[in-house]
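Asks: Would you be able to build a 3D model of this:
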Amino acid sequence: MSTTDDWVDLVARGARAGSDLLTAVARSRVAKDLGSRVSMTSCGCAIPPPCWLPKTLGSVRSDVCAGGTATIRLLVENCGATRREITVATTGADAKDVTFSPSSLTLDRMERGVLTATLPAPAQPGEGKEALLWVHGCHDHYLRWTVKTARRACDSCHEIEVDDCPDYVHHWYDHFYCDHPCPGTKGR
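Replies: Now for the predicted structure:
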């Protein structure tokens, strides 16, 4: 083997080592930037639910004393560029027991407002009620709410933030049938 071959072999090994080091750094940087949500062995190509489906606000469980009241404050923000009417509704077995104050809001652009939902707890410990709260604005949002009566509890109040924002970002998974600014507001 000649000195030239040794030199070429040394440069090739150095290049591979440098490439391996850069790959390791890039992988750790990508994982850190993405909050370790993406495995480097997969493409991270999970497609979110279609834009026309209601947006979930999650689930809330309120543990309340017998005869007490559970409350949810919905902090709604209109982060769009137009005035918007926000309304609330409820569905489910115990929907008739839920009261709202106020039942609607008119929010100017970039304005915030509060809607309050209350649900009285059952009279007997261990019993429960459940309702699905709906917030209708630019998008439809829903919150699954369970109220349970507990022996050691008091009244309960939760705050839920609702960002009612139009979607102006073009994502790689977008479909032609998806109306991004605010579904149902064409022609207004």
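Asks: Quick check: next helix or strand after the helix or strand bottoming out on mean pLDDT in the chain?
Replies: The helix or strand of the chain with the poorest confidence is helix 3-33; it has a mean of 68 (mean pLDDT, DSSP states H and E). Next in sequence after helix 3-33, counting helices and strands by DSSP states H and E, comes strand 55-65.
Asks: Domains in the protein, by residue range?
Replies: The chain resolves into domains spanning 1-46, 55-164 when parsed by automatic domain parsing.
Asks: What distance do you get for the nearest residue to Cys65 once chain neighbours are set aside to Ala121?
Replies: The shortest distance from Cys65 to any non-neighbouring residue, by Cβ to Cβ, 6 or more residues apart in numbering, is to Ala153 (4.7 Å). All C-beta atoms are positioned from the backbone trio N, CA, C, and that covers glycine. Computed as Cβ to Cβ, to the nearest Å, the Ala153 to Ala121 distance reads 8 Å.
Asks: Leu57 now?
Replies: From Leu57 across to Ala121, the span is 21 Å (Cβ to Cβ).
Asks: So for the two, which sits in the more crowded spot?
Replies: Ala121 (26 against 20; other Cβ atoms under 10 Å).
Asks: Right, I'll call it a day here.
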